[in-house]
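1. after the sequence you'll find the predicted model.
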Amino acid sequence: MRFRYDINALRGIAVMAVLLFHYKAQYFNGGFSGVDVFFVISGYLMTRIIITSFNENGFSLRDFYSKRVKRIIPALAALVAIITFVGFFIYFPIDFKAMGENSISSLLFVSNILYWQNSDYFAPASDSNILLHTWSLSVEWQFYIIYPIVLVWLNKWMKDKNRYLSIYIALTLILCIVSIAVTYYNPTASFYLLPTRAWEMMIGGLAFYGENRIKNLKLRITIALIGYALIFYCILRMDNRVAWPGVHTLIPTLGTCMVIIADWNDWGIIKTPVSRFFGKISYSLYLWHWPVFVIAKYVGLIGMSKNIIVLPSLMILSIGLAFLSYRYVESRTYSSRKIFKYSGGILMLTLLLMITNANALVFKTKSVELSNYARDHKKEMDAQFSTGKCFVNTNEDARKFRSAPCLCLSDSIKNILLIGDSHAAQLSSSLREVFSGMNIQLSQATASGCLPILPISGQSRCKDVINYVYYDYISKHASQINGVIICANWIDSHDDNATLVNNIKATLQLLDKYHIKAIIIGQNETYTMPYPYIAAWEYQLNIKLARKYVKPRSALVNDFLKYKLPSQYIDIYNSDSLPGISATGTPYMLDDHHVTHYGADLLIKKILSNQIAHAFLDSVARED
């Protein structure tokens with residue numbers, strides 16, 4: 001097969017799109033679609049290899065699988081070995097164990113199934129999973145196992161090429177439709193699993209069947225340019241709020257298909273040394289860019305004020321490691337036996353380190369206890385937030401919300417309604433305890449990731465809960481609601497600060513129309529790494545570190561909102577001192593921005609000492 005500059009360029013475009021997306025580069029919010037470009041390329045190459053072998057009467061499943069092993073496993077096994085070594089010394093035991101599980105699932109090519117089954121709001125965030133990106137390798141590997149068997153069967157029973165192609169197109173279309181439907185009902189499963197991703201690789205097969213059919217050069221150039229345009233449109237204009245995979249996924253997949261079909265290799269840009277370089281190292285760069293980012297985040301580098309220096313430096317480091325991987329691992333020739341021997345050894349060593357909890361010896365006992373806080377206190381956290389009841393995490397929870405006992409109103413005492421996201425939910429238990437002694441009943445309407453302001457945006461659960469509360473519940477029960485408390489992680493807003501303030505004011509005006517008094521609970525400080533880890537490292541090293549890991553943006557947003565909303569905004573930001581750990585060893589926060597019950601109690605004391613809160617509660621008490 002002659003060298004295809006266009007396919008090599010597509011690889012480079014895809015990997016850089018994913019890298020820039022993962023590194024939070026501005027204007028590359030749709031960079032995740034680079035994975036879909038890879039899927040189409042893989043489907044094209046696999047179809048070409050298999051069908052060409054059929055035509056030459058020389059296809060062998062054994063040879064096919066052997067070549068896939070030699071192509072994929074060595075660089076992946078080397079990555080797992082190196083990050084396991086590094087992680088042994090810098091990862092707390094709970095995270096090292098999770099890394100081990102992910103490493104084993106990646107080497108066995110089932111990581112996509114593991115990640116599908118372990119989706120949870122309070123689980124470690126996706127961007128802390130050092131091998132999260134291997135889900136796509138697992139999908140491809142599963143495709144490699146099944147796809148040649150399907151083609152062998154079709155080739156055996158479908159001798160009529162037109163009928164064969166019709167069935168192939170129909171199967172691709174059916175899988176695409178199924179994928180779109182499953183995304184609506186179970187987006188996590190649809191994102192991670194092979195049955196809802198296979199159609200993208202089969203579009204690559206369609207590219208193989210469609211190439212060499214267009215002879216007119218001008219038409220081929222036009223098709224290629226349109227294909228590139230579709231890919232870049234998706235990379236630059238999409239964002240992760242779009243249902244994926246879905247209808248929009250057709251944009252990058254069909255764009256890639258068009259470029260491959262056009263087979264236009266005379267464009268100077270795709271022949272440049274830079275284009276060729278990134279295409280060649282694309283697999284190794286895909287493997288290395290994410291672990292570099294995650295390790296930097298784990299030690300707190302991501303999110304600091306010098307991100308403008310940190311992120312480009314991490315990109316350069318990723319490219320350097322990718323080149324070394326390509327040069328000294330990926331480009332070398334190995335026997336299948338040696339590959340299985342070494343990757344099996346890495347797998348067994350990883351399993352042994354997990355089972356023995358060996359890296360716990362690196363840390364002091366109390367440091368380990370602090371780092372384990374969120375895992376060891378899951379039930380307490382669920383009770384604190386009222387998870388699954390008055391704090392909605394999923395679309396299913398949202399559908400049950402209206403029948404849950406979250407919005408009960410009392411005729412004998414005052415009623416205050418708490419509206420917000422997880423930052424409101426984290427205060428709900430402590431507020432309820434305080435208000436019970438003040439003859440106030442607290443109702444709770446909280447949904448994860450949902451800013452409680454107009455216009456309503458975010459996941460469908462936001463519309464189901466927040467929209468319902470503002471436009472249905474409050475309008476019907478305004479006379480019984482004595483006050484509203486609005487609270488959120490305000491730095492989650494996708495709007496600029498000025499727009500955020502205007503939206504908050506519009507929300508307050510709606511409540512004022514119903515003669516309901518309201519206050520805004522301010523932005524609490526946030527950190528570039530989980531607070532229990534900071535506390536653990538402080539104890540481990542016997543030095544103060546917390547101040548170094550505070551995110552500058554949380555302070556900037558807090559100051560701006562406090563200035564623009566002086567009469568209703570309650571400042572809870574700890575700017576002078578940080579609470580740290582309670583006398584019983586409970587950390588102030590349970591992750592990088594949510595407080596524990598101990599932390600919530602401290603914030604409630606801070607709120608109640610504020611003059612705005614005093615005036616609000618006095619007005620509630622006086623209301624007839």
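-> Yep, that arrived.
2. mind listing what the nearest residue to residue 386 once chain neighbours are set aside touches?
-> Leaving out its chain neighbours, the residue that sits closest to residue 386 by C-beta to C-beta, 6 or more residues apart in numbering is residue 428, at 5.8 Å. All C-beta spots, glycine's among them, are computed from the backbone N, C-alpha and C. By C-beta atoms under 8 Å, 6 or more residues apart in numbering, residue 428 lies in contact with 384-386, 390-391, 418, 442, 444, 446.
3. and those residues, which is closest to residue 328?
-> Within the contacts of residue 428, the smallest distance to residue 328 is 48.4 Å, found for residue 385 (C-beta to C-beta).
4. just among the contacts of residue 428, which is most surrounded?
-> residue 446 (32 neighbours; other C-beta atoms under 10 Å).
5. beta-bridge partners for that residue, please?
-> Using DSSP bridges, the bridge partners assigned to residue 446 are residue 391, residue 420.
6. thought it was touching residue 417?
-> No. Using C-beta atoms under 8 Å, residue 446 is not in contact with residue 417; the gap is 10.6 Å.
7. give the buried residues for stretch 182-202.
-> Buried residues in stretch 182-202, counted by 16 or more other C-beta atoms under 10 Å: 182-183, 187, 189-194, 196-202.
8. now the two most distant members of those residues.
-> Within these, 187 and 202 form the most distant pair, 21.1 Å apart (C-beta to C-beta).
9. let me see the confidence value for residue 303.
-> Note on residue 303: pLDDT of 67.
10. swap in the one 10 residues further on?
-> The predicted structure scores residue 313 at 91 on the pLDDT scale.
11. check which helix or strand covers it.
-> Take DSSP states H and E as the rule and residue 313 turns out to sit in helix 307-325.
12. how distant is the helix or strand that comes right after that helix from the center of its chain?
-> Where DSSP H and E defines the elements, the next helix or strand beyond helix 307-325 is helix 336-356. Centroid separation between helix 336-356 and its chain, computed with C-alpha atoms, centre = their mean, to the nearest Å, is 29 Å.
13. and helix 336-356, what does it pack onto?
-> helix 61-90, helix 93-107 (3 or more C-beta pairs under 8 Å, 6 or more residues apart in numbering; DSSP states H and E).
14. let me know the closest of the buried residues of stretch 182-202 to residue 283.
-> Distance to residue 283 across the buried residues of stretch 182-202 (C-beta to C-beta) is lowest for residue 201, with 16.0 Å.
15. isn't that closest one right next to residue 39, touching?
-> Yes. Between residue 201 and residue 39 there is a contact at 5.0 Å, judged by C-beta under 8 Å.
16. need the overlap of contacts for the two.
-> residue 140.
17. got the contact list for residue 540?
-> So, once contact is read as C-beta under 8 Å, 6+ apart, residue 540 ends up touching 363-364, 367.
18. in helices, which of these fall?
-> residue 367 (DSSP state H).
19. just the buried ones from the contacts of residue 540?
-> By 16+ other C-beta under 10 Å, the contacts of residue 540 give 363, 367 as buried.
20. which of the contacts of residue 540 sits closest to residue 133?
-> Among the contacts of residue 540, residue 363 lies closest to residue 133 (C-beta to C-beta), at 27.4 Å.
21. still on that earlier bit, so which of the helices and strands packed on helix 336-356 gets nearest residue 508?
-> Closest of those to residue 508 is helix 93-107, at 41.7 Å (criterion: C-beta to C-beta).
22. just the C-alphas of that closest one, formatted as CSV.
-> Extracted C-alpha coordinates of helix 93-107, given in CSV (Å, rounded to 0.1, in the frame of the first residue of the first chain):
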residue,chain,number,x,y,z
PRO,A,93,-3.0,3.8,48.0
ILE,A,94,-6.7,4.2,47.1
ASP,A,95,-5.7,5.8,43.8
PHE,A,96,-2.9,3.5,43.1
LYS,A,97,-5.3,0.6,43.5
ALA,A,98,-7.7,2.3,41.1
MET,A,99,-4.8,2.8,38.7
GLY,A,100,-4.0,-0.9,38.9
GLU,A,101,-7.6,-1.9,38.1
ASN,A,102,-7.6,0.5,35.1
SER,A,103,-4.2,-0.8,34.0
ILE,A,104,-5.3,-4.4,34.0
SER,A,105,-8.6,-3.5,32.2
SER,A,106,-6.6,-1.6,29.6
LEU,A,107,-4.1,-4.4,29.0
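23. mind listing what the closest residue to residue 45 other than its chain neighbours touches?
-> Nearest residue to residue 45 in three dimensions, chain neighbours excluded: residue 204, at 7.4 Å (C-beta to C-beta, 6+ apart). Residues near residue 204 by C-beta under 8 Å, 6+ apart: 39-47, 256-257, 260.
24. could you do residue 327 as well?
-> By C-beta under 8 Å, 6+ apart, residue 327 has no neighbours at all.
25. I'd like to know how far the residue nearest to residue 386 sits from residue 444.
-> Distance, residue 428 to residue 444, using C-beta to C-beta, to the nearest Å: 5 Å.
26. mutual contacts of the two, please.
-> Contact with both residue 428 and residue 444 is made by residues 386, 390-391, 418, according to C-beta under 8 Å, 6+ apart.
27. make TSV out of these and add pLDDT.
-> Shown next, in TSV, are those (pLDDT from 0 to 100):
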residue	pLDDT
386	92
390	92
391	93
418	97
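28. so which residues of the stretch 501-624 of the chain form helices?
-> Ranges of helices in the stretch 501-624 of the chain, per DSSP state H, counting those that start in this stretch, are 531-541, 552-564, 597-608, 611-622.
29. return the most buried member of those helices.
-> Ranked by mean neighbour count, these are led by helix 531-541 with a mean of 23 (mean count of other C-beta atoms under 10 Å).
30. what's the average pLDDT for it?
-> The average pLDDT within helix 531-541 is 92.
31. wait, what's in contact with residue 151?
-> Applying C-beta under 8 Å, 6+ apart to residue 151 gives the contacts 47, 50-51, 54.
32. equivalent analysis for residue 505, please.
-> Residue 505 sits next to residue 565 when contact means C-beta under 8 Å, 6+ apart.
33. kindly report the same for residue 587.
-> Contacts of residue 587 (C-beta under 8 Å, 6+ apart): 370, 373, 531-532, 535, 580-581, 596, 598-599.
34. run the last query once more with 7 Å
-> Shown in contact with residue 587 (C-beta atoms under 7 Å, 6 or more residues apart in numbering): 370, 373, 531-532, 535, 581, 596.
35. what bridges to it?
-> In this entry, residue 587 is beta-bridged to residue 581, by DSSP bridges.
36. burial of residue 528, as a residue count?
-> Residue 528: 22 surrounding residues under other C-beta under 10 Å.
37. by mean pLDDT, point me to the weakest helix or strand of this protein.
-> Within the chain, confidence by mean pLDDT, DSSP states H and E is lowest for helix 395-401 among all helices and strands, at a mean of 80.
38. pull the distance from that helix to the chain's centre.
-> The gap between where helix 395-401 is centred and where its chain is centred comes out at 22 Å by C-alpha atoms, centre = their mean.
39. and stretch 70-80, by the same measure?
-> For stretch 70-80, the distance to the chain centre is 24 Å (C-alpha atoms, centre = their mean).
40. ok, stretch 438-447 next?
-> Its chain's C-alpha centre and that of stretch 438-447 lie 31 Å apart, by C-alpha atoms, centre = their mean.
41. helices of the stretch 351-500 of the chain, start to end?
-> Under DSSP H, counting those that start in this stretch, the stretch 351-500 of the chain gives helices at 365-371, 373-376, 378-385, 395-401, 422-436, 460-462, 468, 474-477, 497-513.
42. tell me the most buried of those helices?
-> Per residue and on average, the most neighbours among these fall to helix 422-436, with a mean of 22 (mean count of other C-beta under 10 Å).
43. that helix vs helix 378-385, what angle?
-> Interaxial angle of helix 422-436 relative to helix 378-385 (axes from the mean of the first three to the mean of the last three C-alpha atoms, to 10 degrees): 70 degrees.
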